[in-house]
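# predicted model and sequence below, questions to follow.
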Amino acid sequence: MIAMEAPEDGGGPLTLEQAASALGVHYMTAYRYVRIGRLPAEYRNGRWYVHPCDLAKAARTKRSRPVNGASQAAAPGPGSDASTPTVDLMLDRLLAGDAAGAWLIVENALLAGSPSDVHLEVLSPCLRHIGDSWARGEISIADEHRATALALGLIGRLGPLFARRGRHRAGTVLLAGAEGDTHTIPLMMVGDQLRGAGFSVNQLGADVPLDALVATAAGIDGLLAVGLSASTAPAAANAARAVTALHRRLPGVPVFLGGPAVHSEEAARELGADGWAPDAATAVSLLSSLESL
Ligand code: B12
């Protein structure tokens, strides 16, 4: 425990105990707020100090809705302002490159929600926000890369939490990024969520050459469907070529499309696909609907 210290006159810094008392929370809760970036604080001479003006931000955050409720809520669409206190905190930690702080936020979120909620309600809005900020020139490429590298690590740590103990479904889903598309995260999320729903997933990751994709698909016994991701316009054009080649080689196997460059069911159908989903949770519903056919 740190010793109490009187704040300086005129709204000077508070010790963490004083800040905790002002917020009406336990000292350890205030420390956790500091650790995850909810409460800005400065570490000097072995003690944490909080500026009184930052208390209001932490107090607002304390009253705001937690990460759960996500399962009922629709996943935020591309470009939507999906800001919540948890998203704001995660964004802050991702941009700061603070892996430990970011993981604490994930752990907190998991107390209230599922790994799928963390994907869709916390990490996806952060990544979209980061992409938009980069496109507007507000953050550098290095900032975006640092945040993405950290997000990849978080998604990797979340992966085993999607392990399915219950019923496994028949057939395998092949997932791949369109040729020339280096975006890995969308596929990881879709793959983990499908595994969590009991599907066997053959995950090829990003940027899969057309010939390798078709040869792999042809070699899978019990191939249920192929899911292709396209984040950019050139990748969407390559995905369309892949759909044609897969249909020709494997008639009857549905090919689904998704990703930021395929905006709607209509756009996916125009590219030749048999279906589309805006996010990983809807991708699970899409694949599940095949069972009832
Ligand atoms: C991280 C990132 C990168 C990283 C990728 C690193 C990695 N290892 O993954 C790097 C730095 C490499 C990168 C590069 C580029 N990127 Co980039 N990138 C992003 C960013 C910030 C996050 C991507 C992400 O993980 N999103 C989170 C996921 C979960 O969301 P999602 O992609 O929408 O996926 C969900 C759904 O779409 C759906 N889904 C996705 N795939 C599939 C597939 C199926 C079958 C189904 C059913 C559903 C489905 O489910 C997913 C989960 O819910 C996005 C911003 C954004 N809006 O996403 C830009 C973004 C995708 N990138 C963009 C651009 C322009 C580029 C570059 C061209 C930049 C450049 N000038 O070099 C290059 C292209 C490289 C290439 N050849 O592919 C643009 C694309 C715009 C467009 N539509 O054309 C975006 C949208 C940024 C922006 N706002 O402008 N990028």
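Received, thanks.

# distance of the closest residue to the ligand within the stretch 101-250 of the chain from G258?
Distances between the stretch 101-250 of the chain and the ligand by Cβ to the nearest ligand atom are smallest at G131, namely 2.2 Å. All C-beta atoms are positioned from the backbone trio N, CA, C, and that covers glycine. As judged by Cβ to Cβ, to the nearest Å, G131 and G258 stand 16 Å apart.

# what do you get for A268?
Counting by Cβ to Cβ - A268 and G258 are separated by 8 Å.

# which neighbours do these two have in common?
Common contact partners of A268 and G258 (Cβ atoms under 8 Å, 6 or more residues apart in numbering): W276.

# before we move on, back to that, G131 and G258: who's more crowded?
Neighbour count, other Cβ atoms under 10 Å: between G131 and G258, G258 has more, with 27 against 19.

# which ones are touching that one?
Applying Cβ under 8 Å, 6+ apart to G258 gives the contacts 186, 190, 227-230, 268, 276-279, 283.

# try W276
Contacts here follow Cβ under 8 Å, 6+ apart; on that basis W276 touches 256-258, 262, 264-265, 267-269, 286.

# now it, nearest residue through space, not along the chain?
In space, and not counting its chain neighbours, W276 is closest to A268: 3.4 Å by Cβ to Cβ, 6 or more residues apart in numbering.

# near the ligand, list only the ones from the contacts of G258.
With Cβ under 6 Å from any ligand atom as the criterion, the contacts of G258 include 186, 190, 227-229, 277-279, 283 near the ligand.

# which of those fall in helices?
Residues from the ones next to the ligand among the contacts of G258 lying in helices, with DSSP state H as the criterion: 186, 190, 283.

# now tabulate these in JSON lines and tack on pLDDT and distance to P52.
Below are those laid out as JSON lines (pLDDT from 0 to 100; distance: Cβ to Cβ, whole Å):
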{"residue": "P186", "pLDDT": "97", "distance to P52": "42"}
{"residue": "V190", "pLDDT": "98", "distance to P52": "45"}
{"residue": "A283", "pLDDT": "94", "distance to P52": "47"}
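
# could these go into TSV alongside neighbour count?
Below are those laid out as TSV (neighbours: other Cβ atoms under 10 Å):
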residue	neighbour count
P186	24
V190	28
A283	27
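
# got CSV for these, with distance to A19 too?
Listed next are those as CSV, based on distance: Cβ to Cβ, whole Å:
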residue, distance to A19
P186, 40
V190, 42
A283, 44
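
# now do the SS call for the most centrally placed residue in the chain.
When Cα atoms, centre = their mean is applied to the chain, the residue found nearest the centroid is L123 (3.0 Å). When classified by DSSP: H, G, I helix; E, B strand; the rest coil, L123 comes out as helix.

# look at S288 and report its pLDDT.
Note for S288: predicted pLDDT of 90.

# how about the residues of the stretch 51-200 of the chain near the ligand?
78, 120, 124, 127-128, 130-132, 135, 144-145, 148, 180-186, 189-190.

# now, of those, which are buried?
By neighbour count, with 16 or more other Cβ atoms under 10 Å, these hold 120, 124, 127-128, 130-131, 144, 148, 180-181, 183-186, 189-190 as buried.

# for those residues, work out which two are farthest apart.
L120 and G180 (26.2 Å; Cβ to Cβ).

# relative to R249, how far out is the residue in the stretch 151-293 of the chain that the ligand sits nearest to?
Ranked by Cβ to the nearest ligand atom, the top residue of the stretch 151-293 of the chain for proximity to the ligand is G258, at 2.1 Å. According to Cβ to Cβ, G258 stands 21 Å off from R249.

# L174 too?
Going from L174 to R249 by Cβ to Cβ gives 12 Å.

# who's more crowded, those two?
Each of L174 and R249 has its neighbours counted (other Cβ under 10 Å); L174 has more, 24 against 12.

# that older thread, and for L174 and R249, which residues touch both?
The contact sets of L174 and R249 overlap at A217 (Cβ under 8 Å, 6+ apart).

# circling back: the residue of the stretch 151-293 of the chain closest to the ligand pairs with what?
Counting by DSSP bridges, G258 is bridged to S229.

# low pLDDT regions in the stretch 1-150 of the chain?
1-11, 36, 60-82 (pLDDT under 70).

# try 90
Where the stretch 1-150 of the chain drops to pLDDT under 90, the residues are 1-12, 20-48, 51-85, 111-113.
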